[in-house]
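# Fold the following and give me the result.
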Amino acid sequence: MAQAAVADDVFYALSNATRRKVLEHLSRRPATVTELAAPFDMKLPSFVQHLSVLERSRLVRSKKLGRVRTYELAPERFKVAEDWLTTRRQLWESRLDQFDQYVKQLKDKESAS
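Numbering: from 1, shown residues only. The predicted model follows:
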């Protein structure tokens with residue numbers, strides 16, 4: 001999968017508050033579908049769709065033992081978002097540094113006049 005498509009999948013998964021809360025829960029420990037769904041006021045099929053989005057983006061993985069499906073965080077995939085954000089931050093820091101230099105040059109010219 002192309003890097004841009006991977007980032008799209010990750011950011012799409014992170015764009016929803018319910019999915020972010022699920023990820024927060026899973027950051028503490030693995031949990032079953034029932035445990036994850038308990039705090040949310042929605043029907044189970046709707047909630048399972050959120051889990052599917054998270055699993056397709058590979059932010060979580062699941063295991064099924066008998067009739068119980070357990071989800072856990074897949075932290076390595078968060079690096080996609082981290083790398084994208086880091087690149088953007090570096091770009092803007094560079095632009096702001098250039099702008100700062102430009103403003104300093106203008107001030108120096110003004111005070112020299």
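# Is Asp100 in a helix, a strand, or coil?
helix (DSSP: H, G, I helix; E, B strand; the rest coil).
# In terms of pLDDT, where does it sit?
For Asp100, the model assigns a pLDDT of 88.
# show me what contacts the nearest residue to Asn16 once chain neighbours are set aside?
In space, and not counting its chain neighbours, Asn16 is closest to His50: 6.8 Å by Cβ to Cβ, 6 or more residues apart in numbering. C-betas here are computed from N, CA, C, even on glycine. Counting by Cβ atoms under 8 Å, 6 or more residues apart in numbering, His50 touches Asn16, Thr18, Arg19, Val22.
# which among the residues you listed gets closest to Pro75?
Looking at the contacts of His50 and their distance to Pro75, the nearest is Val22, at 14.3 Å (Cβ to Cβ).
# what residue is smack in the middle of this structure?
The centroid of the chain falls nearest to Leu14 when counting by Cα atoms, centre = their mean (4.5 Å).
# tell me which residues in whichever helix or strand Ala4 is part of are buried?
For Ala4, the element it lies in under DSSP states H and E is helix 3-14. For helix 3-14, the neighbour count (16 or more other Cβ atoms under 10 Å) marks Val6, Ala7, Asp9, Val10, Ala13, Leu14 as buried.
# And the strands in the protein?
For the chain, the strands defined by DSSP state E occupy 31-32, 60-65, 68-73.
# Provide the strand pairings for the first one, with the direction of each partner.
Put plainly, it is strand 31-32. If you go by DSSP bridges, strand 31-32 pairs up with strand 68-73 (antiparallel).
# export the strands of the chain to TSV and tack on mean pLDDT, distance to Ala38 and mean neighbour count?
Below are these laid out as TSV (pLDDT from 0 to 100; distance: least, Cβ to Cβ, whole Å; neighbours: other Cβ atoms under 10 Å):
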stretch	mean pLDDT	distance to Ala38	mean neighbour count
strand 31-32	98	9	15
strand 60-65	96	17	14
strand 68-73	97	13	16
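# rewinding a little: can you give me how far the helix holding Ala4 is from the chain middle?
Centre-to-centre, helix 3-14 and its host chain are 8 Å apart (Cα atoms, centre = their mean, to the nearest Å).
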